[in-house]
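Enquirer: predicted model, plus sequence, below.
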Amino acid sequence: MRIPDPDQIRALHEKHAPTAEAFAGVHTHCETVWSIAEQLLSSPRLAHVDAALVRAGCLLHDIGVYRLYGDDGRLDHANYVRHGLLGHELLAGEGFPEPLCRFCSHHTGVGLTRRDVETQRLPLPPADYLPVTAEERLVMYADKFHTKSRPTRFLTPADYAAFIGRYGEEKVTAFEALRAEFGDPDLDRLTPVLP
Ligand SMILES: [Fe+2]
């Protein structure tokens with residue numbers, strides 16, 4: 001499988017971003033998520049994880065957010081949870097293979113289940129959207145430590161556990177399993193990527 005490099009992915013963001021502001025917010029966040037994953041990958045115990053694939057996954061995972069901007073330049077917050085699926089569709093339309101498209105559709109929260117879709121009445125086709133590979137899990141996990149909301153900021157593991165706990169204790173358990181698999185990032189060693 002041919003994995004796009006960061007310059008090619010940046011060009012794809014520029015192609016699909018409706019405004020320079022949207023590009024700055026989404027692309028910068030994607031770069032920050034990669035810097036978190038890259039730091040975690042420096043651990044020898046993650047030597048089996050394909051770093052080039054994780055880099056592409058991090059840089060692509062939120063590209064579907066661009067499809068949520070209306071003609072008025074406003075983000076459709078009510079349908080925000082659809083951004084993963086929209087990103088999958090966007091990449092498939094660009095001819096990307098399924099393993100790359102899946103980074104978009106399988107990174108929300110700590111993995112959406114069919115039950116989540118049904119009980120929370122999410123605007124998604126009922127299905128499981130759980131990451132399967134270590135690369136998919138790492139992209140999803142690294143994303144949890146940085147928020148795009150203004151102002152952008154890093155979240156500690158405790159911050160994220162408190163947030164996801166609102167969706168049930170099993171979500172905290174799933175997050176703890178990811179922490180055990182990938183370790184905690186050292187957020188103080190990360191410099192925020194500036195747009
Ligand atoms: Fe993200």
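Expert: Right, received. Where do you want to start?
Enquirer: which residue ranges of this structure form strands?
Expert: 146-147, 153-154 (DSSP state E).
Enquirer: show me what contacts the most far-flung residue of the chain relative to its centre?
Expert: Going by CA atoms, centre = their mean, the residue of the chain most distant from its centre is Asp72, 25.3 Å out. Residues near Asp72 by CB atoms under 8 Å, 6 or more residues apart in numbering: none. (Each C-beta comes from the backbone N, C-alpha and C, glycine too.)
Enquirer: longest single helix anywhere in the protein?
Expert: helix 20-41 (DSSP state H).
Enquirer: name the helix or strand of this protein that has the lowest mean pLDDT.
Expert: For the chain, the helix or strand with the lowest mean confidence is strand 153-154, at a mean of 92 (criterion: mean pLDDT, DSSP states H and E).
Enquirer: so Asp135 sits against Ala52, correct?
Expert: If you look again at residue 135, you'll see it is Glu, not Asp. No - Glu135 is not in contact with Ala52 according to CB atoms under 8 Å; the separation is 9.5 Å.
Enquirer: the more surrounded of the two?
Expert: Glu135 (23 against 11; other CB atoms under 10 Å).
Enquirer: list the contacts of Thr113.
Expert: By CB under 8 Å, 6+ apart, the neighbours of Thr113 are 128-130.
Enquirer: can you give me phi and psi for it?
Expert: Backbone torsions of Thr113, given as degrees, to the nearest 10, read phi -110, psi 160.
Enquirer: Pro125 versus that one, what's the distance?
Expert: 13 Å (CB to CB, to the nearest Å).
Enquirer: quick one: name the residues of this structure near the ion.
Expert: Those residues of the chain that sit near the ion, judged by CB under 5 Å from the ion, are 62, 143.
Enquirer: which parts of the chain are helices?
Expert: Counting by DSSP H, the helices of the chain are 6-16, 20-41, 51-60, 83-93, 98-105, 114-119, 134-143, 157-164, 169-182.
Enquirer: which among the ones you listed is found nearest to Leu190?
Expert: Shortest distance between Leu190 and the helices of the chain, using CB to CB, is found for helix 20-41: 5.7 Å.
Enquirer: other residues contacting that closest one?
Expert: So helix 20-41 is contacted by 9-10, 13-14, 17, 46, 49, 51, 54-55, 58-63, 65-66, 69, 75, 138-139, 141-143, 145-146, 148, 152, 182-183, 185-186, 189-195 (CB under 8 Å, 6+ apart).
Enquirer: buried ones in stretch 115-125?
Expert: Neighbour-count burial for stretch 115-125 flags 116-117, 122, 124 (criterion: 16 or more other CB atoms under 10 Å).
Enquirer: how about those in a markdown table, adding pLDDT and distance to Tyr167?
Expert: Listed next are the buried residues of stretch 115-125 as a markdown table, based on pLDDT from 0 to 100; distance: CB to CB, whole Å:
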| residue | pLDDT | distance to Tyr167 |
| --- | --- | --- |
| Asp116 | 97 | 7 |
| Val117 | 98 | 12 |
| Leu122 | 97 | 11 |
| Leu124 | 98 | 15 |
